[in-house]
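A.B. asks: Sharing a sequence plus its predicted fold:
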Amino acid sequence: MPEPHATLPVADLPPGTVQRVMLNDEPVAVCNVDGRFYAIHDRCTHADAPLSPGGLEGCHLVCTWHGATFDVRTGQPTSPPASEPCRRYTVERQGDTLIVIDRVPND
Ligand code: FES
């Protein structure tokens, strides 16, 4: 059985941008950092705010509620008040499509 996944067109995610997709009824923020793709849970670990509206600053997503930032490459918080990491997801590219898989990347 295939793993749960979501898809979006590569064209919808230029470098420096983030898009929200739904995967298993959970929001996932898919990010393009200089042509590399990353995905983390689209919920701030401080108080559950969506992270995607804050946009990317380099490799960091910025929470608009209280200013926490997360490194989308690792899911780790990089400024307070958040202290817990966001869950990561695997992103694979197949042609013009990005596939976001409900699997923690093994890197
Ligand atoms: S909810 Fe994100 S910093 Fe508070």
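C.D. replies: Thanks, I have the structure now.
A.B. asks: Tell me where this protein has strands.
C.D. replies: Along the chain, the stretches classed as strands by DSSP state E are 5-9, 18-23, 26-33, 36-41, 56-57, 60-62, 69-71, 77-79, 88-94, 97-101.
A.B. asks: residue ranges with poor pLDDT in this structure?
C.D. replies: Filtered on pLDDT under 70, the chain yields the residue ranges 1.
A.B. asks: So which bits of it are right by the ligand?
C.D. replies: Within reach of the ligand by C-beta under 6 Å from any ligand atom, the chain has these residues: 44, 46-47, 49, 63, 65-68, 81-82. In short, each C-beta sits where N, CA and C put it, glycine included.
A.B. asks: if we go to 8 Å?
C.D. replies: Where the chain comes near the ligand, counting by C-beta under 8 Å from any ligand atom, the residues are 44-49, 51, 63-68, 80-82.
A.B. asks: Which of the strands of the chain sits closest to residue 107?
C.D. replies: In terms of C-beta to C-beta, the element of the strands of the chain nearest to residue 107 is strand 88-94, at 9.2 Å.
A.B. asks: Now do the buried residues in that closest one.
C.D. replies: 88-91 (16 or more other C-beta atoms under 10 Å).
A.B. asks: Find the nearest non-adjacent residue to residue 66, please.
C.D. replies: Nearest residue to residue 66, sequence neighbours excluded (C-beta to C-beta, 6 or more residues apart in numbering): residue 81, at 5.4 Å.
A.B. asks: residue contacts, that neighbour?
C.D. replies: By C-beta atoms under 8 Å, 6 or more residues apart in numbering, residue 81 lies in contact with 46, 66-68.
A.B. asks: quick one: residue 61 from residue 4, how far?
C.D. replies: Between residue 61 and residue 4 the distance, using C-beta to C-beta, to the nearest Å, works out to 22 Å.
A.B. asks: Ok, residue 18 next?
C.D. replies: Look at residue 18 and residue 4: by C-beta to C-beta, they are 21 Å apart.
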